[in-house]
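*Asks:* pasted the sequence and its predicted model underneath.
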Amino acid sequence: QLQLVESGGGLVQPGGSLRLSCAASGFTLNYYAIGWFRQAPGKEREEISCISSRGGTILYADSVAGRFTISRDNAKSTVYLQMNSLKPEDTGIYSCAVAQNEFCAGSYRDWGQGTQVTVSS
C-alpha cells in the first residue's frame, strides 16, 4: 500500500530554518517525481517544489525560490525540503505527493497527510 509520511514541521521564528522529510513506502520511489505542496490558512493548496525521479529536474514556485531546497535520497526512499529564511507567510500545512511518472508535469496521484509549519515570533 502506497504511503507518504511527512515530518519535521513545527514552530519557528521568522528567519529560521526547518527541514521537512517525506518518507515513502509501498512503491519504488526511484521511478517517480515527488512534489511538495503548501496550504496556507484560508487559501488553496499550492505546489511549491518538485523533483524528478533522478533529480535532474527541480522546480520551485517564485514564492520559495532561493530560500527552499528540495532533494531526494532514493536509497532511503525519502525526499527532503530544506526551508531557510522562513517568513510568516510560509505558515501552512506542508504535504508531499507522488507524481504520475518520473517527470515534474504537475500531475499527482497520492498525497501524504501533511505536517504543520508555523512561522511566528
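*Replies:* On my side now, so go ahead.

*Asks:* surely Ser17 and Lys87 touch.
*Replies:* No - in this structure Ser17 lies outside contact range of Lys87 using C-beta atoms under 8 Å: 11.9 Å. Placement of C-beta: from N, CA and C, glycine included.

*Asks:* helix, strand or coil for the closest residue to Ser63 other than its chain neighbours?
*Replies:* Among residues not flanking Ser63 along the chain, Ile48 sits closest, at 6.9 Å (C-beta to C-beta, 6 or more residues apart in numbering). Of the three states, Ile48 takes strand under DSSP: H, G, I helix; E, B strand; the rest coil.

*Asks:* what about Ile48, how many residues nearby?
*Replies:* Neighbourhood size, Ile48 [other C-beta atoms under 10 Å]: 23.

*Asks:* please tell me I have it right and it contacts Trp36.
*Replies:* Yes - using C-beta under 8 Å, Ile48 makes contact with Trp36 at a distance of 5.4 Å.

*Asks:* buried sites along stretch 48-57?
*Replies:* For stretch 48-57, a neighbour-count test (16 or more other C-beta atoms under 10 Å) marks 48-53 as buried.

*Asks:* identify all contacting residues around that stretch.
*Replies:* Under the criterion C-beta atoms under 8 Å, 6 or more residues apart in numbering, residues 30-38, 58-61, 63-64, 68, 70-72, 79, 81, 99, 102-104 lie in contact with stretch 48-57.

*Asks:* which stretches of this structure have low pLDDT?
*Replies:* For the chain, applying pLDDT under 70 flags no range at all.

*Asks:* what segments of it are strands?
*Replies:* Along the chain, the segments classed as strands by DSSP state E run 3-7, 10-12, 18-25, 34-39, 46-51, 58-60, 68-73, 78-83, 92-99, 108-111, 115-119.
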